[in-house]
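In: Provided below for reference: sequence and predicted model.
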Amino acid sequence: MPERSSTFDLVIIGGGPGGYVAAIRAAQLGIKVALLEKDKVGGACLHQGCIPTKTLLHSADLYNKFQKAKEFGIIVDKLGINYPQFHRRKESIVNKLFHGIQFLLRKNGVEVFDGEGYLTSSNKVIIRKNGTDIGEIAAKNIILATGSVPLIPRTSPYDRKYVLTSNDILTKEEIPKSIIIAGGGAVGIEFAHLFNILGSKVTIIELFNDILPTEDKEISATLRKIFTKRGIDILTSTSLENVQINNNVSVETKRKINTPFSPTVNETKESLNADCLLLALGRTPNLANIGIERLTLSFKGKYLQVNEVMETSQNGFYAIGDITGPPLLAHKASNEGIHAVCHIAGKETIPINYQNIPRVTYCFPQTASIGLTQEEAENKGHKIKVGKFPFIANSKAIIDGECEDGFIKIITDEKYGEILGMHAIGPNVGELLWGMSLTNILEGTVFELSNTIFPHPTLSETILEAAHAAVDKPIHI
């Protein structure tokens, strides 16, 4: 533990994908840096979110593919699911990545302190462990990177057995016979996909008028059609009104129904029962019990307000990641951490283009997007042109047996060919987004994209065809 007078150039509170990445980059730039983490470095993304969820989803998707093995000339005898083994593999992967991060922090000379950080001023932090103050450190600069926690409505009972958050359900090794998922955003959709494959009866309750409500409407509608065909019940424009626990979960819902050609909105109530309820209603910034009330900070709603270099209204005090507002994504937090550290080191920085942050939902088919939706582009006054291409006309998707329903959609400014957004639903479409992000950074147009040479046969050729569609006509339809 540090001496009472320990001083650093930079103290980072929170060792998630924002905090630990910032710490490594700071050390690489010659900054004396301390990282405080109350649990395990890697944060929610590694231990309760991105990595464990995607590991379970990968196992489930492999099982789903094996069910079609005969089509590929493969004979599988006695196919089944060992769900506890799904979890053993998940734990092995998480542990491997956790030790990798620990190694990188040691390699780069980052001093890591095991404990909670509590601010006593804009440049002093007390380290607490199990409610006891065990040290104090001072810093010229502080980065707050405490992330977010699952949102739990005050009106809902929460026992971690029948009513669960995404954190809780990742520790459960029994497959529920039935599950209600409150929330049709990315988290809810991924777990709906997982448990549907595993044989659970899945019901999604979504307050907005479609699942994945922030995505392009065509993407959301296509995924809804696919999920419904697979037997997932989807209740949109529906709110969670009451929850009762009694050896299972009883849920009362209220659904708004718009009557055609009438201003009247009808409401219907329905009771649902299931083995458990997953609360996937979003996340809230983790700002409690860290002493920020001692500082003069500005907020935008419940999120800390920062400038283009991630500095708050308090000089030398920075905030990154989920506590600064959406999108609540690990790669956004990492980028903000590097951005803040480069500014602290005196390096020139380019403002982050938040419109250029990719988003992926890891169901099957995957959904992925970057930039404006068609509706957003039109609302901003753009005269747009849309290029689309279906995976059913892509040779690699046909080879892989994953060609139905999906498509790539590119939205461009009609006059100059500026790429305003790209949206996709299909196999592994998340892997395609880096190219669109790079194209946008380099200010490439859809005309230049249509003249790019893509390897054949690949899924990425759908981007080329969609670009051709936006410029003139696609080749292969």
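Out: Right, received. Where do you want to start?
In: all contacts plus neighbour counts: C-alpha atoms, from now on.
Out: Will do.
In: Paired strands for the single longest strand found in the chain, with orientation please.
Out: Looking across the chain with DSSP state E, the single longest strand is strand 132-144. The strands beside strand 132-144 in its sheet (DSSP bridges) come out as strand 7-13 (parallel), strand 124-129 (antiparallel), strand 317-319 (parallel).
In: what's in contact with that strand?
Out: Residues outside strand 132-144 that contact it (CA atoms under 8 Å, 6 or more residues apart in numbering) are 1-14, 19, 122-128, 316-320, 344.
In: Repeat that for stretch 64-74.
Out: By CA under 8 Å, 6+ apart, the residues outside stretch 64-74 that reach it are I75, V76, L79, I197.
In: Walking through the stretch 1-150 of the chain, point out its strands one by one.
Out: Applying DSSP state E, counting those that start in this stretch to the stretch 1-150 of the chain gives strands spanning 7-13, 33-37, 111-114, 116-121, 124-129, 132-144, 148-150.
In: what packs against the shortest one?
Out: In this structure, strand 148-150 makes packing contacts with strand 283-285, judged by 3 or more CA pairs under 8 Å, 6 or more residues apart in numbering; DSSP states H and E.
In: partners of the strand it packs on, with directions?
Out: The pairing partners recorded for strand 283-285 under DSSP bridges are strand 148-150 (antiparallel).
In: same question for the following helix or strand past the partner strand, mean pLDDT?
Out: The helix or strand immediately downstream of strand 148-150 is strand 163-165, counting by DSSP states H and E. The average pLDDT for strand 163-165 rounds to 98.
In: got it, and stretch 140-152?
Out: Averaged over stretch 140-152, pLDDT sits at 97.
In: What sits closest to A345 if chain neighbours are left out?
Out: Excluding the flanking residues, the one nearest A345 by CA to CA, 6 or more residues apart in numbering is L29, at 6.9 Å.
In: Could you give the number of residues near that neighbour?
Out: For L29, the neighbour count with other CA atoms under 10 Å is 15.
In: quick one: it from W434, how far?
Out: Distance, L29 to W434, by CA to CA, to the nearest Å: 26 Å.
In: do G15 as well
Out: G15 sits 25 Å away from W434, going by CA to CA.
In: ok, now H339?
Out: Look at H339 and W434: by CA to CA, they are 19 Å apart.
In: and the helix or strand containing I257, what other elements does it pack with?
Out: Assigned by DSSP H and E, I257 falls within strand 249-258. Packing contacts for strand 249-258, counted by 3+ CA pairs under 8 Å, 6+ apart, involve strand 238-245, strand 265-274.
In: which other helices and strands contact the helix or strand following the last one?
Out: Read in the C-terminal direction, the helix or strand following strand 265-274 is strand 276-279, with elements assigned using DSSP H and E. Strand 276-279 is packed against strand 163-165, helix 166-169, strand 178-182, with contacts defined by 3+ CA pairs under 8 Å, 6+ apart.
In: change it to 10 Å
Out: Secondary-structure packing of strand 276-279 (3 or more CA pairs under 10 Å, 6 or more residues apart in numbering; DSSP states H and E): strand 163-165, helix 166-169, strand 178-182, helix 186-197, strand 238-245, strand 249-258.
In: Which neighbours in the sheet does that strand have, and how are they oriented?
Out: Applying DSSP bridges, strand 276-279 is found paired with strand 163-165 (parallel), strand 178-182 (parallel).
In: Where does the prediction get shaky in the stretch 1-150 of the chain?
Out: Across the stretch 1-150 of the chain, the ranges flagged by pLDDT under 70 are 1-5.
In: Let me know the secondary structure of H339.
Out: For H339, the secondary structure call by DSSP: H, G, I helix; E, B strand; the rest coil comes out as helix.
In: how about it, what does it touch?
Out: Residues counted as contacts of H339 (CA atoms under 10 Å, 6 or more residues apart in numbering) are 22, 25, 308-310, 320, 333, 347-352.
In: Just the helices from the protein, written as ranges.
Out: Using DSSP state H, the helices found in the chain span residues 19-28, 43-47, 50-66, 83-107, 166-169, 186-197, 217-229, 330-344, 374-379, 395-400, 433-441, 446-450, 461-471.
In: I'd like those as a markdown table, with distance to I410 appended.
Out: Listed next are these as a markdown table, based on distance: least, CA to CA, whole Å:
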| stretch | distance to I410 |
| --- | --- |
| helix 19-28 | 32 |
| helix 43-47 | 30 |
| helix 50-66 | 27 |
| helix 83-107 | 35 |
| helix 166-169 | 32 |
| helix 186-197 | 21 |
| helix 217-229 | 12 |
| helix 330-344 | 22 |
| helix 374-379 | 9 |
| helix 395-400 | 19 |
| helix 433-441 | 10 |
| helix 446-450 | 9 |
| helix 461-471 | 6 |
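In: What pLDDT is listed against S200?
Out: 98.
In: got the phi/psi numbers for it?
Out: Per-residue torsions, S200: phi -80, psi 150 (degrees, to the nearest 10).
In: how much space between V33 and S122?
Out: Counting by CA to CA, the gap from V33 to S122 is 16 Å.
In: Now do the same contact list for the spatially closest residue to Q102 that is not a sequence neighbour.
Out: Once flanking residues are discounted, Q102 sits nearest to V41: 7.2 Å by CA to CA, 6+ apart. With contacts defined as CA under 10 Å, 6+ apart, V41 is in contact with 14-17, 19-20, 35, 47, 98-99, 101-102, 105, 112, 114.
In: Going by distance to K229, which of those wins?
Out: Proximity of the contacts of V41 to K229, judged by CA to CA, is greatest for H47, which lies at 32.7 Å.
In: Measure how buried the nearest residue to that closest one once chain neighbours are set aside is and give me the count.
Out: Excluding the flanking residues, the one nearest H47 by CA to CA, 6+ apart is V94, at 6.6 Å. As a burial measure, V94 scores 19 neighbours (other CA under 10 Å).
In: And for the one 5 residues further on?
Out: Other residues within reach of H99 by the criterion other CA under 10 Å amount to 13.
In: my read: H343 touches T349, true?
Out: Yes: contact criterion CA atoms under 10 Å: H343 and T349 qualify, at 6.5 Å.
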